[in-house]
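Enquirer: Got a predicted model here, sequence first, then my questions.
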Amino acid sequence: MNNAIVIIPTYNEQENITMIIDTVFSLPKDFDILIVDDNSPDGTARMVQQLQQGYNSETETRLHLLQRPGKQGLGTAYIQGFKYALEKGYDFILQMDADFSHNPKDLVNLYLHCAEWGSDLSVGSRYVTGVNVVNWPMGRVLLSFFASKYVQIITGIPLHDTTAGFVCYRSAVLKTIPLNEIRFVGYAFQIEMKFLTWKYGFKLSEVPIIFTDRTRGQSKMSVGIFKEAFLGVIQMTVQSWFKKYIPR
């Protein structure tokens with residue numbers, strides 16, 4: 001078993017899933033992969049099962065699959081994935097999208113920041129060196145950039161890209177955070193996890209990346225997701241004033 005696993009949630013990612021898996025497995029650092037599929041009508045899980053026959057053997061499982069009965073939210077997919085990875089004993093747990101908006105090559109750098117350079121959480125950041133986003137309309141770029149700044153100001157998190165979904169955790173972080181108490185299931189989930197990592201005293205770092213909007217498949221973003229994040233950040237911050245964060 002490798003020491004690092006990449007969690008990739010999927011819903012109707014048939015167009016991307018084979019290529020993303022093949023690309024991650026071709027990297028110079030060996031990563032295992034966990035696909036968490038929410039019963040994709042397009043057969044994404046069936047394609048993963050076919051790929052498992054080529055990548056897994058009797059002595060080694062590199063491609064894992066969790067199938068869920070339906071759409072339950074991004075946050076719950078990651079929580080289930082985190083628990084699975086911890087049970088299997090992985091030291092480093094990474095997360096990324098299936099649509100190539102996150103360049104798989106950056107996984108190695110995220111891993112190194114945690115495995116060799118002292119970080120407990122490394123974040124693939126679109127905004128640490130400016131605005132590094134490709135193929136987004138200007139309105140969405142501005143919304144994302146200022147949403148991240150809003151979160152930074154309200155919460156105090158020392159990150160430029162507080163809403164990023166491309167990260168690497170040391171297992172100690174996920175063992176410390178009470179995963180069953182995570183409140184958010186959508187866009188705000190990414191914020192809550194970074195906030196708790198920071199509040200529990202772990203070291204955060206940002207790794208510059210170039211984010212490229214998906215070219216195949218359909219975006220899952222919605223107005224409701226942004227609303228959850230906007231209102232949830234205030235509530236989360238206020239509640240934190242009355243809580244002590246004691247590392248386990």
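Expert: Structure received.

Enquirer: Okay, now the unreliable bits of this structure?
Expert: For the chain, the stretches with pLDDT under 70 are 214-229, 248.

Enquirer: List the contacts of stretch 234-248.
Expert: Outside stretch 234-248, the residues that touch it by CB atoms under 8 Å, 6 or more residues apart in numbering are 154-155, 175-176, 183, 188, 191-192, 195-196, 199-201. To be clear about C-beta, it is placed using only N, CA and C from the backbone, and glycine gets the same treatment.

Enquirer: would JSON lines of those residues with distance to Tyr90 and neighbour count be doable?
Expert: JSON lines is the format used below for the contacts of stretch 234-248 (distance: CB to CB, whole Å; neighbours: other CB atoms under 10 Å):
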{"residue": "Ile154", "distance to Tyr90": "32", "neighbour count": "17"}
{"residue": "Thr155", "distance to Tyr90": "28", "neighbour count": "21"}
{"residue": "Lys175", "distance to Tyr90": "11", "neighbour count": "13"}
{"residue": "Thr176", "distance to Tyr90": "16", "neighbour count": "19"}
{"residue": "Arg183", "distance to Tyr90": "25", "neighbour count": "13"}
{"residue": "Ala188", "distance to Tyr90": "25", "neighbour count": "27"}
{"residue": "Ile191", "distance to Tyr90": "24", "neighbour count": "26"}
{"residue": "Glu192", "distance to Tyr90": "22", "neighbour count": "21"}
{"residue": "Phe195", "distance to Tyr90": "23", "neighbour count": "23"}
{"residue": "Leu196", "distance to Tyr90": "20", "neighbour count": "20"}
{"residue": "Lys199", "distance to Tyr90": "24", "neighbour count": "16"}
{"residue": "Tyr200", "distance to Tyr90": "19", "neighbour count": "17"}
{"residue": "Gly201", "distance to Tyr90": "22", "neighbour count": "11"}
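
Enquirer: Just the closest of those to Tyr127, please.
Expert: Nearest to Tyr127 out of those is Ile191 (CB to CB; 14.1 Å).

Enquirer: Ala85: what's it in contact with?
Expert: Listed by CB under 8 Å, 6+ apart, the contact partners of Ala85 are Ile5, Ile7, Leu34, Ile93, Ser171, Leu174.

Enquirer: hmm, try it at 7 Å
Expert: Ile5, Ile7, Leu34, Ile93 (CB atoms under 7 Å, 6 or more residues apart in numbering).

Enquirer: May I ask you to confirm that the first one belongs to a strand?
Expert: Yes: the assignment for Ile5 (DSSP: H, G, I helix; E, B strand; the rest coil) places it in a strand.

Enquirer: So it is in contact with Asp30, correct?
Expert: No: the pair Ile5 and Asp30 does not pass the contact test of CB atoms under 7 Å, sitting 10.5 Å apart.

Enquirer: out of the two, which sits in the busier spot?
Expert: The neighbour comparison of Ile5 against Asp30 (other CB atoms under 10 Å) goes to Ile5, with 23 against 12.

Enquirer: one step back: got JSON lines for the contacts of stretch 234-248, with distance to Leu110 and secondary structure too?
Expert: Formatted as JSON lines, these follow (distance: CB to CB, whole Å; DSSP: H, G, I helix; E, B strand; the rest coil):
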{"residue": "Ile154", "distance to Leu110": "26", "secondary structure": "helix"}
{"residue": "Thr155", "distance to Leu110": "22", "secondary structure": "helix"}
{"residue": "Lys175", "distance to Leu110": "19", "secondary structure": "helix"}
{"residue": "Thr176", "distance to Leu110": "19", "secondary structure": "helix"}
{"residue": "Arg183", "distance to Leu110": "25", "secondary structure": "coil"}
{"residue": "Ala188", "distance to Leu110": "22", "secondary structure": "helix"}
{"residue": "Ile191", "distance to Leu110": "18", "secondary structure": "helix"}
{"residue": "Glu192", "distance to Leu110": "20", "secondary structure": "helix"}
{"residue": "Phe195", "distance to Leu110": "19", "secondary structure": "helix"}
{"residue": "Leu196", "distance to Leu110": "19", "secondary structure": "helix"}
{"residue": "Lys199", "distance to Leu110": "21", "secondary structure": "helix"}
{"residue": "Tyr200", "distance to Leu110": "20", "secondary structure": "coil"}
{"residue": "Gly201", "distance to Leu110": "21", "secondary structure": "coil"}
